[in-house]
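K.L.:
Next comes the sequence, and after it the predicted model I'd like to discuss.
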Amino acid sequence: MQKLILMISDILSIILGFFLVYWIRFNSGINSDYTPISLFIPLLSYSILLYLIVARGTYTSRFRFDLKEFNLVAKSMMITFLMTLLITYLLKTSTVFSRFIIVGTFIFSFIIIITVRYAIRELAAPRMQNTAIIGMKTTTRVIAKYIQKDKRLGYNLKHVIEPSVDLNKILQQLNNIQVIILTDPHKNPKLTNYLITSPRKWTIKYVPDLMETVSGEIDFYDLKNIPTVTISKKNSHIYAKFTKRVLDISISLIGLLILLPLFAVISILIILLDGTNPVYMQQRLGIGKKKFWMYKFNTMKKIYHMTPSDYPSNYAYKSKNDPRITYFGKILRRTCLDELPQLLNVLKGDMSLVGPRPHLQSELHFFDGWKLARFNARPGITGLWQISGRHELGGDRSCALDVYYINNISFWTDISIILQTIPAIIFSKGNW
């Protein structure tokens, strides 16, 4: 209900901001020229719809207006403002619509939205969630104190549990629990893995270690000044389910048409220089561990007998001097041109432009517990694993980046990764 109220209040705030600026511009006697209000309705409707799409991540059931929400609203308003200016420029209507109206509307709307949201958050009665804290004494005591002192956090503390207690006894105490806070997730890996992979819809938060605090998605406002990470149990984002697929089809289809001459040149060179079939198919694991045939340009010698030393012991490790790779194959791998045929996989729906690393069936035994979450999305041609170092990453770090991406998937994340992929290829960041 609070989400719907926020959405309606944002719409009314933008409309109110527009009318205030329109009145100042045309009805206050400051200016003699006049533009009918009806001309602004299409642009105003476009701006409202765009804002609701961009700001969808702000419509959550929080019970305190904090700096995080302020930044999200400000970012959403700025993106909407820039996109509105762009559309007026492209449609050649910048002379019709007063810049004063556009700029003023967004300034007034932002002030009104912030004020109204603060009031709604403060007046809303918190929906209390039954909470259990699992961890050692020091941090656990601090968090328990915050929860008991400030009911507006929305946590109804039911249990404080030592991680050394028997697993079955812990699970008995977790009946009717909605939120689990782990203060020492590494103390009992078996318990942590069970909680994360369990089908039960717990919201799991944990206090990160130093490395995660520096590099992860940390929320400093959920429990006062204690940083926490929230582990998502579902991925129902409309972008992940629909918009991302539309973008994948559009870009892969256009890319295949534009790159068709390059495909032909590379194929001919592989046949002439290496004497092998230009395209190589390999079975990989996709979303839900479903098998599919992944396409690549062939970069290996026609016949090569593997020795035991050629096999890696780590699924993320690739040899820099693999004796199977041809000279031309090294060029293709260095520039990532060998992966261009994967645009066909994207078009078919086996892969996405951005996503986790596609793995072999033989690598499946490396994954257990939280690592299995990386199979909850289509594998990608590029991803966080590629722009962060690719083959130089360790197995756990590579998988952690995949899981992080899946839990934080968004249009802007994908655009950012795609843009960072180009310099990562140019500067050979972990690429060979």
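P.N.:
Nice, thanks for sending it over.
K.L.:
going forward, measure contacts and count neighbours with C-alpha atoms only.
P.N.:
OK.
K.L.:
quick one: buried residues of whatever helix or strand Ser45 lives in?
P.N.:
When elements are defined using DSSP states H and E, Ser45 is found to belong to helix 41-54. Going by neighbour count (16 or more other CA atoms under 10 Å), the buried part of helix 41-54 is Leu43, Leu44, Ser47, Ile48, Leu50, Tyr51, Leu52, Val54.
K.L.:
which residue sits closest to the fifth one, ignoring its sequence neighbours?
P.N.:
It stands for Leu50. Spatial nearest neighbour of Leu50, excluding adjacent residues (CA to CA, 6 or more residues apart in numbering): Thr80 at 6.2 Å.
K.L.:
Give me the secondary structure label for the one you found.
P.N.:
Here Thr80 is helix, with the state taken from DSSP: H, G, I helix; E, B strand; the rest coil.
K.L.:
repeat for Lys296
P.N.:
Secondary structure assignment for Lys296 (three-state DSSP): strand.
K.L.:
Start at 32, not 1
P.N.:
New numbering, starting at 32: the last item is Lys327.
K.L.:
for the residue nearest to Leu81, what are its contacts?
P.N.:
Listed by CA atoms under 8 Å, 6 or more residues apart in numbering, the contact set of Thr111 reads Ser78, Leu81, Tyr82, Val85.
K.L.:
That one and Phe406, how far apart?
P.N.:
The spacing between Thr111 and Phe406, counted by CA to CA, to the nearest Å, is 34 Å.
K.L.:
Adding pLDDT and distance to Ile418, write the contacts of Thr111 out as a markdown table.
P.N.:
Output for the contacts of Thr111, formatted as a markdown table (pLDDT from 0 to 100; distance: CA to CA, whole Å):
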| residue | pLDDT | distance to Ile418 |
| --- | --- | --- |
| Ser78 | 91 | 33 |
| Leu81 | 90 | 30 |
| Tyr82 | 92 | 30 |
| Val85 | 87 | 25 |
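K.L.:
Where does pLDDT dip in the stretch 332-463 of the chain?
P.N.:
Residues of the stretch 332-463 of the chain meeting the criterion pLDDT under 70: 333-352, 420-427, 455, 457-463.
K.L.:
For Ala450, the count of nearby residues, please.
P.N.:
Quick fix: residue 450 is Leu, not Ala. 11 (other CA atoms under 10 Å).
K.L.:
again with Phe49
P.N.:
When counting by other CA under 10 Å, one arrives at 23 neighbours for Phe49.
K.L.:
which residue packs closest to it, ignoring adjacent ones?
P.N.:
That would be Thr136: by CA to CA, 6+ apart, it lies 4.7 Å from Phe49.
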